[in-house]
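A.B. asks: From the sequence below, what's the structure:
(4 chains)
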There are 4 protein chains.
Amino acid sequence: MQTGRSAESEPGPVRSEPKIVDPERLVFFSDAVVAIAITLLALELPVPAGHTNAELWRDLGRNVNEYVAFLISFAVIGGHWFVHHRTFGHVARLSGRLVRWNMLWLLMIVLTPFVTRVIVGDGAFAARFTLYAAIQALASVAFLLAVHEMDRHGLTRAGTPRSLFGNSYRILSVAAGAFAVSIPLAFVTHWAYACWAAIPFVTRVQRLAAAAQRRPRRAAV
Amino acid sequence: MQTGRSAESEPGPVRSEPKIVDPERLVFFSDAVVAIAITLLALELPVPAGHTNAELWRDLGRNVNEYVAFLISFAVIGGHWFVHHRTFGHVARLSGRLVRWNMLWLLMIVLTPFVTRVIVGDGAFAARFTLYAAIQALASVAFLLAVHEMDRHGLTRAGTPRSLFGNSYRILSVAAGAFAVSIPLAFVTHWAYACWAAIPFVTRVQRLAAAAQRRPRRAAV
Amino acid sequence: MQTGRSAESEPGPVRSEPKIVDPERLVFFSDAVVAIAITLLALELPVPAGHTNAELWRDLGRNVNEYVAFLISFAVIGGHWFVHHRTFGHVARLSGRLVRWNMLWLLMIVLTPFVTRVIVGDGAFAARFTLYAAIQALASVAFLLAVHEMDRHGLTRAGTPRSLFGNSYRILSVAAGAFAVSIPLAFVTHWAYACWAAIPFVTRVQRLAAAAQRRPRRAAV
Amino acid sequence: MQTGRSAESEPGPVRSEPKIVDPERLVFFSDAVVAIAITLLALELPVPAGHTNAELWRDLGRNVNEYVAFLISFAVIGGHWFVHHRTFGHVARLSGRLVRWNMLWLLMIVLTPFVTRVIVGDGAFAARFTLYAAIQALASVAFLLAVHEMDRHGLTRAGTPRSLFGNSYRILSVAAGAFAVSIPLAFVTHWAYACWAAIPFVTRVQRLAAAAQRRPRRAAV
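C.D. replies: The predicted structure is shown next:
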């Protein structure tokens, strides 16, 4: 979309290298994929059965695992999307490699409704948990590599705050680490889930710490 | 999307605080989720069976509940979307809390096709009705909180008419109230549905009353 | 999206009446719904079975009705979308009624994958055909009313060619008429489908005739 | 979207011929369809069963064909999308024929999740393979015709590098050729898949060769 207007306002074709893909269109495409994946999560929810109110509430309770898994996946995809938004809003141009890391990230997003169906199955807890956590860890790593690519090749707009990269590296490392660490734990205990719950807490603490550090500097400016 | 252009036209990075998420992209993402949820509603419609025309019409009649529930959910999601549009078109910037209320609202939208499947089941009327109405009441409350956040922290553009907030508060309170009130009623009578039907009537009457109030004031200006 | 920028460039809030909904966002939402509906069509296609190549080809042939119905629905939704695009590209502002006709049109689009599943069933040809054709006729009528609303209340941009309305009225009337006429025919013969095939032919002939008429006028200008 | 703004900035309706469809909206619609198709691929993945971890891993291994087919289709749709992006980012206006080739291309994209379900079935390898490869070859040919239409009727913006068409023709011919050639091979050997794997390699070699050729020319400029 930007292309059209910027081309009109620009005096001539100043960019020497052919543009690979418009950042906006990649963002748009990614948003659509994420939106579909997050909506499809609810497609598989078990419809409670029961002919009396009491029976229906009981059946709802029986499938509580499925409902909790749905909420977790909703939060996980929502979290991935939030980080994507935060960083891609600053991207000015794309490299082929950035597009590829983004596609790998999308692959993991697309697989999330599938691993959600896997994790709610009966038995084989550790194996199911591993599949789910591995996909999420890979999503975080793929996006970490995307952010690294933006950072290293200066693909963001002038004026992008340095803290953006720092924040993104921090959040994504915490997420990737927590998902990875939870895998061996799952072979020992069902409490491996607690690792995931730590992600928002740790990132929030880190953010507050970073904000505390930044504030004096700003005041100095 | 706006970011790109405004950043180019702006002389420098005037915004001191890092932007959380572009309002346009949040709107876009929300629209995509709503569009998918509203389209998925039809995916579950029972295909009428029958080898003669008469049999097919009869079978269509037998599933009339499902078709009516589909139409209600289509109208409900359409209504939620309409209020979202009306308000978010005026949002200039986002706060973290606004994004979170919006995600909670989206969660309820995503659950609407699921509770539509629940409500058309046989028996346990009050329990099924409660699940459906609770999700819709929560959607209204989540969005009420989103509008409150816009209002309190001045996240809308300069020149946004005050009436926007008034209208939104009114419509959303009526909707949340009607869905909430219908829940205890459902344990007494199937006519609890009538509460929902009141929503468009009440909001329209309120709107006309508000317009009547506003007109003299405008004339004075 | 336009809102953001135009509001920034505008000196002040010149519009006295509150804007109902941004045309762009309505178009976007409609596009997303149509895109989902057209993609879901393929979700129901019967996967051919067979352990030898010959068996698979035979099974593919046995389900030929389903594949043809898919292609027809793809063309029908594509056609509806094309007319929507052509006209909404010129819309400058919305009225509440235009939004409502558009939602009614979307309802018919959303129902198209459903009636496609209905029409491929065995037996009860006329009843199935009626459901399909009625939904398509209603879609055409809903959009005819939308175009009428744009036309009557001057909702399009200055400089919109008058021929736009003429063309749209013509195409939509032909479509609505052909789908409506095919319904009684379906009770007599399976050739009722031929009515639909006539739509592109008739509209093309009309377009050529209209173009022939317009050319001299233009030359005169 | 561009329409709105350009129409406002333009002094008057300079375009004599009525615009068929906004390129941006076509791109948007195509993106949404591709995003849905790529996400639906994962909907059909077989959920592994098993009550012990070992059983689950074994079941995962048993369905490896399905998972590989999913990955191939993800890469194939991703590849089609990438070429679409690259070229449509330069399109300034549309012709009716370009819209039609694009719709034919979309039809093949929409059919890709279906042929993915077909190709993973048991037995009848050559027939299943033929269906899949034929759809992909047709997608490449449809887009080749779209690019040809852009090129012949000058539908791209001024300043579009000539290399864009050369590159697109090359990639699309290689893809169409590889998918077409793989069909007869599938009747002889399961290694027909190797043809597809050759596509990225061949196009990369061609690109490097073309870049080597171009570089001296640029230096001369």
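A.B. asks: Show me what from chain A comes close to chain C.
C.D. replies: A:Ala32 (Cβ under 8 Å from any Cβ of the partner chain). From N, CA and C alone the C-beta is placed, and that goes for glycine too.
A.B. asks: Could you tell me the phi and psi values at A:Leu94?
C.D. replies: A:Leu94 has phi and psi values of phi -110, psi 150 when expressed as degrees, to the nearest 10.
A.B. asks: In this structure it contacts A:Pro23, no?
C.D. replies: Yes. In this structure, A:Leu94 is within contact of A:Pro23 by Cβ atoms under 8 Å, at 5.5 Å.
A.B. asks: any idea how far B:Pro184 is from A:Val205?
C.D. replies: 43 Å (Cβ to Cβ, to the nearest Å).
A.B. asks: ah, wrong one, I meant A:Thr130
C.D. replies: Distance, A:Thr130 to B:Pro184, by Cβ to Cβ: 46 Å.
A.B. asks: Tell me where chain A has helices.
C.D. replies: A:2-9, A:23-40, A:53-62, A:64-88, A:96-119, A:125-152, A:162-186, A:193-220 (DSSP state H).
A.B. asks: Give me whichever of those is most buried.
C.D. replies: helix A:23-40 (a mean of 24; mean count of other Cβ atoms under 10 Å in any protein chain shown).
A.B. asks: Any figure for the gap between the spatially most central residue of chain A and chain C?
C.D. replies: Centroid-nearest residue in chain A: A:His80, 1.4 Å away (criterion: Cα atoms, centre = their mean). Separation of A:His80 from chain C (Cβ to the nearest Cβ, to the nearest Å) stands at 20 Å.
A.B. asks: same deal with A:Ala198?
C.D. replies: Counting by Cβ to the nearest Cβ - A:Ala198 and chain C are separated by 36 Å.
A.B. asks: Kindly report the same for A:Phe165.
C.D. replies: 27 Å.
A.B. asks: my read: that residue touches A:Gly154, true?
C.D. replies: No. With contact defined as Cβ under 8 Å, A:Phe165 does not count as touching A:Gly154 (11.1 Å).
A.B. asks: So which helix or strand of chain A has the lowest pLDDT on average?
C.D. replies: Between all helices and strands in chain A, the lowest mean by mean pLDDT, DSSP states H and E belongs to helix A:2-9, at a mean of 36.
A.B. asks: what separates A:Arg97 from A:Ser173, distance-wise?
C.D. replies: According to Cβ to Cβ, A:Arg97 stands 20 Å off from A:Ser173.
A.B. asks: A:Val47 against B:Val120, yeah?
C.D. replies: No. Applying Cβ under 8 Å, one finds A:Val47 not in contact with B:Val120, separated by 9.2 Å.
A.B. asks: Neighbour count for the two, which is higher?
C.D. replies: Higher neighbour count among A:Val47 and B:Val120: B:Val120, with 21 against 17, using other Cβ atoms under 10 Å in any protein chain shown.
A.B. asks: tell me the contacts of that one?
C.D. replies: Neighbour list for B:Val120: B:Asn65, B:Glu66, B:Ala69 [criterion: Cβ atoms under 8 Å, 6 or more residues apart in numbering or on different chains].
A.B. asks: Skipping adjacent residues, who's closest to A:Val181 in space?
C.D. replies: A:Cys195 (5.6 Å; Cβ to Cβ, 6 or more residues apart in numbering or on different chains).
A.B. asks: surely that neighbour meets A:Ala178?
C.D. replies: Yes. Shown here, A:Cys195 and A:Ala178 form a contact pair, counting by Cβ under 8 Å, at 4.7 Å.
A.B. asks: And for the closest residue to A:Tyr67 other than its chain neighbours, the neighbour number?
C.D. replies: Nearest residue to A:Tyr67, sequence neighbours excluded (Cβ to Cβ, 6+ apart): A:Leu45, at 6.9 Å. By other Cβ under 10 Å, the residues close to A:Leu45 number 20.
A.B. asks: mind checking how far A:Gly78 is from C:His84?
C.D. replies: 31 Å.
A.B. asks: ditto for A:Val118
C.D. replies: From A:Val118 to C:His84 the distance is 40 Å (Cβ to Cβ).
A.B. asks: can you check A:Ala209 too?
C.D. replies: 52 Å.
A.B. asks: What of A:Ile77?
C.D. replies: 30 Å.
A.B. asks: And for A:Gly50?
C.D. replies: 43 Å.
A.B. asks: about what we covered before: so what's the nearest residue to the residue nearest to the centre of chain A once chain neighbours are set aside up against?
C.D. replies: Nearest non-adjacent residue to A:His80, counting by Cβ to Cβ, 6+ apart: A:Ala139, 5.8 Å away. Each residue near A:Ala139 by Cβ under 8 Å, 6+ apart is listed here: A:His80, A:Trp105, A:Met108, A:Ile109, A:Thr112.
A.B. asks: of the residues you listed, closest to A:Asp31?
C.D. replies: A:Ile109 (10.8 Å; Cβ to Cβ).
A.B. asks: Surely the closest one touches A:Val34?
C.D. replies: Yes. Counting by Cβ under 8 Å, A:Val34 is a contact partner of A:Ile109 at 5.6 Å.
A.B. asks: Quick check: neighbours shared by the two?
C.D. replies: Contacts common to A:Ile109 and A:Val34, judged by Cβ under 8 Å, 6+ apart, are A:Ile77, A:His80.
A.B. asks: residue contacts, A:Asp122?
C.D. replies: D:His51.
A.B. asks: Sorry, slip of the keys, the one I care about is A:Pro113.
C.D. replies: Taking Cβ under 8 Å, 6+ apart, one finds A:Ala37, A:Leu40, A:Leu41, A:Leu43, A:Glu44, A:Ser73, D:Ala42, D:Leu43 in contact with A:Pro113.
A.B. asks: Check A:Trp105 too.
C.D. replies: Counted by Cβ under 8 Å, 6+ apart, A:Trp105 has contacts A:Ser30, A:His80, A:His84, A:Ala139, A:Ala142, A:Phe143, A:Ala146.
A.B. asks: and with 10 Å instead?
C.D. replies: By Cβ atoms under 10 Å, 6 or more residues apart in numbering or on different chains, the contact set of A:Trp105 is A:30, A:33-34, A:80, A:83-84, A:138-146.
A.B. asks: Next, find the distance separating it from chain D.
C.D. replies: 12 Å.
A.B. asks: now swap in A:Ala178 and tell me
C.D. replies: 22 Å.
A.B. asks: Give me the pLDDT for that residue.
C.D. replies: Listed pLDDT for A:Ala178 reads 93.
A.B. asks: list the contacts for it?
C.D. replies: Contacts of A:Ala178 (Cβ under 10 Å, 6+ apart): A:Ala133, A:Gln136, A:Ala137, A:Ser140, A:Ala194, A:Cys195, A:Trp196, A:Ala197, A:Ala198, A:Ile199, A:Val202, A:Thr203.
A.B. asks: what does A:Gly177 give?
C.D. replies: Contacts of A:Gly177 by Cβ under 10 Å, 6+ apart are A:Ala137, A:Ser140, A:Cys195, A:Ala198, A:Ile199, A:Val202.
A.B. asks: where's it relative to B:Ala197, distance?
C.D. replies: Distance from A:Gly177 to B:Ala197, by Cβ to Cβ: 52 Å.
A.B. asks: now swap in A:His84 and tell me
C.D. replies: Taking Cβ to Cβ, one finds A:His84 at 41 Å from B:Ala197.
A.B. asks: likewise A:Pro200?
C.D. replies: Following Cβ to Cβ, the distance that separates A:Pro200 from B:Ala197 is 41 Å.
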